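Undergrad: okay, predicted coordinates and the sequence, questions at the end:
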2 protein chains.
Amino acid sequence: MSDMNRRSMPLFSIGIVKSLTALTARQIRYYEDNGLIFPARTEGNQRLFSFNDVDRLLEIKELIDKGINLAGIKQMLPTREKPAADTLETPIEPEISDKALRQMLRQELMDTGRLGKASLRQGELSRFFH
Amino acid sequence: MSDMNRRSMPLFSIGIVKSLTALTARQIRYYEDNGLIFPARTEGNQRLFSFNDVDRLLEIKELIDKGINLAGIKQMLPTREKPAADTLETPIEPEISDKALRQMLRQELMDTGRLGKASLRQGELSRFFH
DNA sequence: ATTTTCGTGTTAACTAATCTAACATGTGTT
DNA sequence: AACACATGTTAGATTAGTTAACACGAAAAT
């Protein structure tokens, strides 16, 4: 129930999302303003994007490229985010020890690396290496 | 060859890594100073961690908890990072179109979400939701 | 039993990254 | 012509991250 899987974990700053999607910060924020994505926020109010968010932005980008406007995209993309409603009867989270938690996370991260070949064109992330 | 898979992509700021590992920024930087991890850097010199880095930090944390000192950990953990050496005969990266690149990334992100159940204790990432 | 080293905390001063809000602009719509 | 859409750009403020230094208890070395 409590929808906190790895895909919805807030992990990425807007700078990273820019490089992952080749969208501008302006575009990303505009799409949020128009209800297409709902990134989380840090305590200091900075956006944090999940894999889901990045995925969704890539879909948006494709549709934009096809000439579809935001209104159309909003219709087409599955309207995620059904906040509230099940916030009430959360069945008392079964407490997990911190150690077990870390272990789980570690396992998942282990599983994550499955792409063998070079998947990113050289230069794409070159700004990160200086 | 060009070792740029998803696990080694620089994605996470130190703030995120802190919350993922429950290490302090001080600890993370200290481990870097002592050659245990090698996060990438942004143009502006800020650290960017990969899944590999986070994974490795979690291993370090476990060993630390077991009372092993950094010298010991350094021995035990597989010494990643063999820079140079194969930087020369990179066989001319086969150019991939930007569109294909995005598509691949999108696919991978799709694949990424496989954890079904609630995996993080409530409160663990609560700082992200305000 | 001192002296050092190790691992971490804390602080200060600085720089990078991000935020909101406003105004600008080209393209398409009414 | 006037307007809305989608994006660029800029300014000013705030948050997040950086290095370097000093502090300090616990462990190791002398």
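TA: Thanks, I have it.
Undergrad: can whichever strand or helix holds residue A:18 be said to contact DNA strand D?
TA: Following DSSP states H and E, one finds residue A:18 within helix A:14-21. No. Judged by C-beta under 7 Å from any atom of the strand, helix A:14-21 and DNA strand D are separated, with a smallest distance of 10.1 Å. From N, CA and C alone the C-beta is placed, and that goes for glycine too.
Undergrad: can you show me the CA trace of that helix as CSV?
TA: Extracted C-alpha coordinates of helix A:14-21, given in CSV (Å, rounded to 0.1, in the frame of the first residue of the first chain):
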residue,chain,number,x,y,z
ILE,A,14,16.9,19.1,-11.2
GLY,A,15,20.4,19.5,-12.6
ILE,A,16,20.6,15.7,-13.0
VAL,A,17,17.2,15.5,-14.5
LYS,A,18,18.1,18.1,-17.0
SER,A,19,21.0,16.0,-18.2
LEU,A,20,19.0,12.8,-18.2
THR,A,21,16.2,14.2,-20.2
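Undergrad: could you give the angle of it to helix B:14-21?
TA: Relative orientation of helix A:14-21 versus helix B:14-21 (axes from the mean of the first three to the mean of the last three C-alpha atoms, to 10 degrees): 90 degrees.
Undergrad: least confident secondary structure element in chain A?
TA: helix A:98-112 (a mean of 49; mean pLDDT, DSSP states H and E).
Undergrad: and the residue lying closest to residue A:35 once chain neighbours are set aside, how far is that from DNA strand C?
TA: Using C-beta to C-beta, 6 or more residues apart in numbering or on different chains and skipping residues adjacent in sequence, the residue nearest residue A:35 is residue A:74, 6.5 Å away. For residue A:74, the distance to DNA strand C (C-beta to the nearest atom of the strand, to the nearest Å) stands at 16 Å.
Undergrad: try residue A:60
TA: Counting by C-beta to the nearest atom of the strand - residue A:60 and DNA strand C are separated by 17 Å.
Undergrad: surely that residue and residue A:34 touch.
TA: No. Between residue A:60 and residue A:34 there is no contact under C-beta atoms under 8 Å: 10.2 Å.
Undergrad: what is the neighbour count of the closest residue to DNA strand C within chain A?
TA: Nearest to DNA strand C in chain A, going by C-beta to the nearest atom of the strand, is residue A:15, at a distance of 2.6 Å. For residue A:15, the count of nearby residues is 17 (other C-beta atoms under 10 Å in any protein chain shown).
Undergrad: picking up where we left off before, report pLDDT for the residue nearest to residue A:35.
TA: Predicted confidence (pLDDT) for residue A:74: 94.
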